[in-house]
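>>> I would like the atomic coordinates for the input below:
(one chain, ligands or ions: 1)
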Amino acid sequence: MKKIHLNAFNQCSAALQSFGQYRNPRERTSTGYTQTHHWVDLAQLLDRGGFDSLFFADVHGAYDVYRGGAEAGIRHAVQFPGNDPTVLFPAMAAATRHLGFISTYSTAYYPPFHTAKLFSSLDHFTGGRVGWNIVTSYLGSATRNGMGGLLAHDQRYERAEEYMEVVYKLWEASWEDGAMVRDGARDMHVDPAKVHPIDHRGTYFDVAGPHMCEPSPQRTPTLLQAGQSGRGIRFGARHGEAIFVTYPTVEAARPRIARIREAAREEGRDPAHIKLLAGLAVVVAETAEEARLKERRLRSYASPEGGFALFGGWTGIDLAKFKDDDVLDGLDSEGIKAAARWFTAAHPGRIATLADAREEMKLASLIPLITGDAVQVAQEIERWADEADIDGINLVPIYQPGSFTDFIDLVVPELRRRGRIRGSDASISSGGETLREHLFGAGHAHLLPDHPGWRIAGVDPRTRRPH
Ligand SMILES: Cc1cc2nc3c(=O)[nH]c(=O)nc-3n(C[C@H](O)[C@H](O)[C@H](O)COP(=O)(O)O)c2cc1C
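Next up is the predicted model:
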């Protein structure tokens, strides 16, 4: 029976994907997001509650497409204001035993040398529990903040390919094992013969090296990816060890996940070596009727205009140009292509209007929502695993910490009863300590042998030496 990985979605921001919930008296993140203890408390809750990892999205500009400006995005706190999540990781790691910490970090904004140094540092300071969600980004506003020019959609991926080449060389090829000799007799702290420049010269980057950091527990952090176009899938199938996917339904997900696994095979990888994590939102209560009432209450707090502002930033499409009964069909984007095409994919055979979109995006924006009692929710998650072939979920909270506490109190025990997640012991059953071992089992702290990172870095996975 397929086990299900539990991943908690987040953003170090006042509001993530459900705008207006600050009016909900039980919502804590809209104020707590600036406080370290808020995040440490959440990490401990998830660690004890059986989650494998905590995943942060991140962006670098206001959402300023809707109505031609940033007003709606700012008014509804659309992922704005937002702090950098990576600085929280050491504090959260020190307070937890097993939870992994994943941050989105954009290839569009930071030089690869900086990214390699940051993630090596985080891997040291979390004891090997860090993951990098590789994104190529979409916000024009970030470009206007001096965060690098936003290239066209496919070119961003071409550049990201070279970016990955640089970081693999830094993480895997620059430092040999055993370079930190600390040999007093020879007065040699570091053995310079075991630390190599990478001398990368390419189209987008020239990086000499050597890498600044000695090898961390995972060397290369666990690699995640989020991008769903044809080009995005090819990139994810090459580099991703887990992929954050969002599909409206199991039926829409099934062929697309099969395509990702096929693309992995074409890259010479075992398709099971990519964990597919589906974004899902859940409203659960003791009874189905209570859950329905809870959903209705949560909807009453919603600020739907925030959803439109989010969609505008994701896609560059200004929904203010449409009327309520206009059909949202045939949309395309240089931002997130899957978001632009969401409404037709969400309702095959049915036409979605602007009014449908407004209702749908009230809770968790485009993330599919499961409402029910614990058994109903668990069964639906199992359907995603068995029929769409996902490996885990990325639980998108509607409000915090309530969406997580409800899930931990009601759904986790039900999934455990069904043998879908690890046993009653909240520890990671793999026995391994690193995030990669949470995903692939003890003894797999480093990139798996069939991962293209080895080939790209020019290192033999068995000997760890250059080819
Ligand atoms: C589910 C999902 C989550 C994403 N999260 C982020 C993010 O947090 N920050 C960011 O800058 N880009 C994010 N992206 C943008 C992707 O990295 C990519 O630039 C964009 O989706 C365009 O590629 P695509 O058309 O292949 O999906 C995300 C994309 C998807 C599909």
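>>> all contacts plus neighbour counts: C-alpha atoms, from now on.
OK.
>>> Tell me how many other residues crowd the closest residue to residue 465 other than its chain neighbours.
Distances taken as CA to CA, 6 or more residues apart in numbering put residue 459 closest to residue 465, at 5.3 Å, once the chain neighbours are dropped. Residue 459 is flanked by 18 other residues according to other CA atoms under 10 Å.
>>> Likewise for residue 189?
Neighbourhood size, residue 189 [other CA under 10 Å]: 12.
>>> Can you tell me how far it is from residue 280?
Distance, residue 189 to residue 280, using CA to CA, to the nearest Å: 50 Å.
>>> Show me the contact partners of stretch 234-253.
Residues outside stretch 234-253 that contact it (CA atoms under 8 Å, 6 or more residues apart in numbering): 157, 161, 222-228, 260-261, 263-264, 267, 273-280, 342, 345-346, 366-368, 383-384, 387-388, 394, 451-453.
>>> Tell me which entries of the residues you listed lie within helices.
157, 161, 260-261, 263-264, 342, 345-346, 383-384, 387, 452-453 (DSSP state H).
>>> give me the number of residues near whatever residue of the stretch 351-467 of the chain ends up closest to the ligand?
The stretch 351-467 of the chain approaches the ligand most closely through residue 367 (9.2 Å), counting by CA to the nearest ligand atom. Here the number of neighbours of residue 367 (other CA under 10 Å) works out to 22.
>>> excluding its backbone neighbours, what's nearest it?
residue 280 (5.7 Å).
>>> Could you check the longest strand along the chain against the ligand for contacts?
Assignment by DSSP state E gives strand 275-284 as the longest strand of the chain. No: using CA under 6 Å from any ligand atom, strand 275-284 never reaches the ligand; the gap is at least 7.4 Å.
>>> partner strands of that strand, parallel or antiparallel?
Strand 275-284 pairs in its sheet with strand 242-245 (parallel), strand 369-372 (parallel), strand 392-395 (parallel), by DSSP bridges.
>>> Now do it: everything it contacts.
Applying CA under 8 Å, 6+ apart, the set of residues contacting strand 275-284 is 5, 7, 241-247, 257, 291, 294-295, 364, 367-374, 377, 390-398, 403, 406-407, 410-411, 439.
>>> Near the ligand, which residues of the stretch 201-350 of the chain? Just list them.
Near the ligand, when you scan the stretch 201-350 of the chain using CA under 6 Å from any ligand atom, you find 226-229, 231-232, 244-246, 335-338.
>>> Buried ones only from the residues you listed, please, as a ChimeraX command.
Restricted to buried positions by 16 or more other CA atoms under 10 Å, the ChimeraX selection for those reads:
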select :226,227,228,231,232,244,245,246,335,336,337,338
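>>> if we can go back for a sec, avg pLDDT for the longest strand of the chain?
In this model, strand 275-284 has an average pLDDT of 98.
>>> Same question for the helix or strand that comes right after that strand: list its buried residues.
In the C-terminal direction, the helix or strand that comes right after strand 275-284 (DSSP states H and E) is helix 288-300. Neighbour-count burial for helix 288-300, counted by 16+ other CA under 10 Å, picks out 288, 290-292, 294-295, 298-299.
>>> Out of the residues of the stretch 201-350 of the chain next to the ligand, name the ones that lie in strands.
244-245.
>>> any idea which of the residues of the stretch 201-350 of the chain next to the ligand is least confident?
Within those, pLDDT is lowest for residue 227, at 83.
>>> So it sits against residue 260, correct?
No: Residue 227 is beyond contact range of residue 260, at 11.1 Å (criterion: CA atoms under 8 Å).
>>> So for those two, which residues contact both of them?
Common contacts of residue 227 and residue 260, defined by CA under 8 Å, 6+ apart, comprise 233, 236.
>>> burial measure for residue 463, as a count.
Residue 463, neighbours per other CA under 10 Å, totals 8.
>>> Check whether it sits in a helix, strand or coil.
With DSSP: H, G, I helix; E, B strand; the rest coil as the basis, residue 463 sits in coil.
>>> Roughly how far does it sit from residue 173?
12 Å.
>>> And for residue 107?
Residue 107 is 20 Å from residue 173, where distance means CA to CA.
>>> So for those two, which sits in the more crowded spot?
residue 173 (24 against 21).
>>> Residue 156 versus the more buried one, what's the distance?
For residue 173 relative to residue 156 (CA to CA), the value is 25 Å.
>>> now swap in residue 140 and tell me
13 Å.
>>> Let me see the confidence value for residue 139.
Residue-level confidence at residue 139 comes out at 87, pLDDT.
>>> That one contacts residue 61, correct?
Yes: look at residue 139 against residue 61 with CA under 8 Å: they come within range, at 6.8 Å.
>>> between those two, which one's more packed in?
Between residue 139 and residue 61, residue 139 has the larger neighbour count (other CA under 10 Å), namely 23 against 20.
>>> residues touching that one, list them.
Counted by CA under 8 Å, 6+ apart, residue 139 has contacts 59-61, 63, 150, 313-314, 335.
>>> okay if I get the residues you listed as TSV plus distance to residue 47 and secondary structure?
Compiled in TSV, the contacts of residue 139 are given as follows (distance: CA to CA, whole Å; DSSP: H, G, I helix; E, B strand; the rest coil):
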residue	distance to residue 47	secondary structure
59	26	coil
60	29	coil
61	31	coil
63	32	coil
150	37	coil
313	33	helix
314	31	helix
335	34	coil
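>>> Pick out the lowest-pLDDT one from those residues.
Taking the contacts of residue 139 together, the minimum pLDDT is found at residue 150 (80).
>>> How is the closest residue to that one other than its chain neighbours assigned, secondary-structure-wise?
Of all residues not flanking residue 150 in the chain, residue 143 sits nearest, at 6.0 Å (CA to CA, 6+ apart). Per three-state DSSP, the local secondary structure of residue 143 is helix.
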